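Visitor: give me a model of this one.
(one chain, ligands or ions: 2)
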Amino acid sequence: MTSQPSPLGGPPPAPDAHRAESGEAGAAPTKFPKVVVMGVSGSGKSTIGQLLAERAGVPFLDSDDLHPQANKEKMAAGEPLDDLDRKPWLELVAEFLRDSEVGMVAACSALKHSYRDALRIGDPDLVFVQLTGVRELITQRQHDRKNHFMPPALMQSQFDVLEPLRDDERGFPVDVAGDPDDVVDEILRRL
Ligand SMILES: Nc1ncnc2c1ncn2[C@@H]1O[C@H](COP(=O)(O)OP(=O)(O)OP(=O)(O)O)[C@@H](O)[C@H]1O
Ligand SMILES: O=C(O)[C@H](O)[C@@H](O)[C@H](O)[C@H](O)CO
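Guide: Ligands and ions are numbered 1, 2, ... in the order given. So this is what the prediction gives:
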């Protein structure tokens, strides 16, 4: 990972920024983990991921920025990505996760178990926050969003491909019906 401009955004690294909120006074600060905010298109990965990173004081990576141009063009043309399209992209995201010396938040669809396995190569302790919600709500939000390469016609394939988190995967689902600040409050409580 040398020639690519860094898509890592957010404030400077602050490894101790996330402190135990309910711990006793003087409790040791907890180190913020590497977190992947995952889910189908329109579930709010970019919105929630960015806000979570801001509130935790850690860098944010939007994995959409790492898609090869060919992937973006394929989606824009109404064709869903397949495993082969996603493989090099997931490897790149895993590299960013591996190379970060501090906790961070990445927004990445990570729809299948095998994709999450590929990301865990970057950090075996990754925590996945799966954004969930009623399909109509997510589809509506995705539809209402402007200026994005992902066409609403691909929503069906996103839900078809999604394999929800299994019990043996570190992480938890979070409902996205509420406003973004409330969703992030819940994530911070549960991390
Ligand atoms: N909790 C929320 N409440 C209201 N609107 C939301 C919420 N979360 C996201 N949105 C809106 O829904 C739309 C989709 O959100 P966003 O772009 O963050 O999703 P995404 O999962 O990153 O999508 P994609 O993977 O296609 O980039 C945006 O217009 C965003 O402002
Ligand atoms: O795995 C995938 O199919 C892709 O990552 C998509 O989820 C898009 O990147 C995203 O939704 C578009 O914004």
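Visitor: what helices and strands are in contact with the helix or strand bottoming out on mean pLDDT in the chain?
Guide: Ranking every helix and strand in the chain by mean pLDDT, DSSP states H and E puts helix 135-144 at the bottom, with a mean of 92. With contacts taken as 3 or more CB pairs under 8 Å, 6 or more residues apart in numbering; DSSP states H and E, helix 135-144 sits against helix 155-161. For every residue, glycine as well, the C-beta is placed using N, CA and C.
Visitor: any idea how far V35 is from ligand 1?
Guide: Going from V35 to ligand 1 by CB to the nearest ligand atom, to the nearest Å gives 15 Å.
Visitor: ditto for V93
Guide: Going from V93 to ligand 1 by CB to the nearest ligand atom gives 13 Å.
Visitor: gap between that residue and H143?
Guide: 26 Å (CB to CB, to the nearest Å).
Visitor: longest helix of this structure?
Guide: The longest helix of the chain (DSSP state H) is helix 83-99.
Visitor: how far off centre is that one?
Guide: Chain-centre distance of helix 83-99: 13 Å, with CA atoms, centre = their mean, to the nearest Å.
Visitor: can I get it in PDB, CA atoms only?
Guide: The C-alpha atoms that make up helix 83-99 are tabulated as PDB, following Å, rounded to 0.1, in the frame of the first residue of the first chain:
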ATOM      1  CA  ASP A  83     -16.900 -12.600  -5.400                       C
ATOM      2  CA  LEU A  84     -14.100 -12.000  -7.900                       C
ATOM      3  CA  ASP A  85     -14.900  -8.300  -8.200                       C
ATOM      4  CA  ARG A  86     -14.900  -7.900  -4.400                       C
ATOM      5  CA  LYS A  87     -11.800 -10.000  -3.700                       C
ATOM      6  CA  PRO A  88      -9.000  -7.400  -4.400                       C
ATOM      7  CA  TRP A  89     -11.100  -4.700  -2.900                       C
ATOM      8  CA  LEU A  90     -11.600  -6.600   0.400                       C
ATOM      9  CA  GLU A  91      -7.900  -7.400   0.400                       C
ATOM     10  CA  LEU A  92      -7.200  -3.700   0.200                       C
ATOM     11  CA  VAL A  93      -9.600  -2.800   3.000                       C
ATOM     12  CA  ALA A  94      -7.900  -5.600   5.100                       C
ATOM     13  CA  GLU A  95      -4.500  -3.900   4.500                       C
ATOM     14  CA  PHE A  96      -5.800  -0.600   5.800                       C
ATOM     15  CA  LEU A  97      -7.200  -2.300   8.900                       C
ATOM     16  CA  ARG A  98      -4.000  -4.200   9.500                       C
ATOM     17  CA  ASP A  99      -1.800  -1.100   9.000                       C
END
